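Visitor: coordinates for the following, if possible.
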Amino acid sequence: MVMTTLLSAAVSATLLLAPSAAATDDPSARQLADEARENLRDAESVHLKLTDRGKDTATSRTRPASMDLALDRDGNCAGTLKMARHGGTVEIVKRGEQVWMKPDTAFWKAQVPGGQGDEVAELFENRWIHGSTRDAMLKGMADTCDLDSLQDDIGSGDDPPTALKRGEKTERDGTDVYPLSGKDEGKNITMYVTADSPHQVVEIVQRGGGTDRSVTFDDYDEPVPTRTPPPEDSVDVDKLQDELQKV
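Guide: Below you'll find the predicted structure:
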């Protein structure tokens, strides 16, 4: 899915970069790159925020302009996706194979053609659509919660395209970090890694060639919220499809 692809591209392109040749004599520089990559690959869970202001995203209603997700390796997930071009917002909760999503009015209007979007939005106002990962309508959203897939992408590829250079210690959201900068396919990439051990990725920024994207990470190995929407506020996805045919 587009959302998963965007996230993987933002993360894996940077983490496949190697320390620069000048940094190979400095163990801490190599440690920053290697340990940050391994810690993200090995994380049981993580909270991430993605912001995408790129050219392709700005002209599409099907690509997320932002994500705010807590996800883990068991396939659990909770958070929000905001689509570009006033495409609306979707809340998502996933526990195992069970999925709930709650689109807002703008999302329904963007997804359902003509004036029917208003009718659908009114029909399902403030209600969660519930089903499983086997439901085609929910599968795309559920794939966004695939931390295992993201970690596999981070681990793929053995030939880094260019070298990362370490900058001076600085601060990012109150945390001491080292910036590691490099280039990949015409994009300027900076990864901010915690200065203190264990070295973890705090933020990745990609800019250039029509790309303007950042991803932040925190709450490594913290549990994903377990609360699920109550049945009285949920609509089975099969009923949704029946109702959509009537509209």
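
Visitor: now Lys82: phi and psi?
Guide: phi -110, psi 120 (degrees, to the nearest 10).

Visitor: can you give me the strands in the chain?
Guide: 18-19, 45-52, 64-72, 77-83, 89-95, 98-103, 128-132, 163-166, 170-172, 175-184, 187-194, 201-208, 211-218, 234-236 (DSSP state E).

Visitor: and those strands: which comes nearest Glu38?
Guide: strand 201-208 (10.6 Å; C-beta to C-beta). Heads up, the C-betas are built off the backbone N, CA and C, glycines and all.

Visitor: paired strands for that closest one, with orientation please.
Guide: strand 187-194 (antiparallel), strand 211-218 (antiparallel) (DSSP bridges).

Visitor: quick one, that strand and strand 45-52 angle?
Guide: 20 degrees (axes from the mean of the first three to the mean of the last three C-alpha atoms, to 10 degrees).

Visitor: show me the contact partners of strand 201-208.
Guide: 10-11, 13-15, 36, 39-40, 172-173, 175, 177, 186-194, 212-218 (C-beta atoms under 8 Å, 6 or more residues apart in numbering).

Visitor: can I get the longest helix along the chain in PDB, CA atoms only?
Guide: As assigned by DSSP state H, the longest helix anywhere in the chain is helix 27-42. These are the backbone C-alpha positions of helix 27-42, laid out as PDB (Å, rounded to 0.1, in the frame of the first residue of the first chain):
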ATOM      1  CA  PRO A  27      34.100   3.800  16.800                       C
ATOM      2  CA  SER A  28      31.400   6.100  18.000                       C
ATOM      3  CA  ALA A  29      30.500   7.200  14.500                       C
ATOM      4  CA  ARG A  30      30.200   3.600  13.300                       C
ATOM      5  CA  GLN A  31      28.300   2.700  16.500                       C
ATOM      6  CA  LEU A  32      25.800   5.400  15.900                       C
ATOM      7  CA  ALA A  33      24.800   4.200  12.500                       C
ATOM      8  CA  ASP A  34      25.000   0.400  13.300                       C
ATOM      9  CA  GLU A  35      23.400   0.500  16.700                       C
ATOM     10  CA  ALA A  36      20.600   2.800  15.600                       C
ATOM     11  CA  ARG A  37      19.700   0.500  12.700                       C
ATOM     12  CA  GLU A  38      19.800  -2.600  14.900                       C
ATOM     13  CA  ASN A  39      17.700  -1.000  17.700                       C
ATOM     14  CA  LEU A  40      15.000   0.000  15.300                       C
ATOM     15  CA  ARG A  41      15.100  -3.400  13.600                       C
ATOM     16  CA  ASP A  42      14.900  -5.200  17.000                       C
END
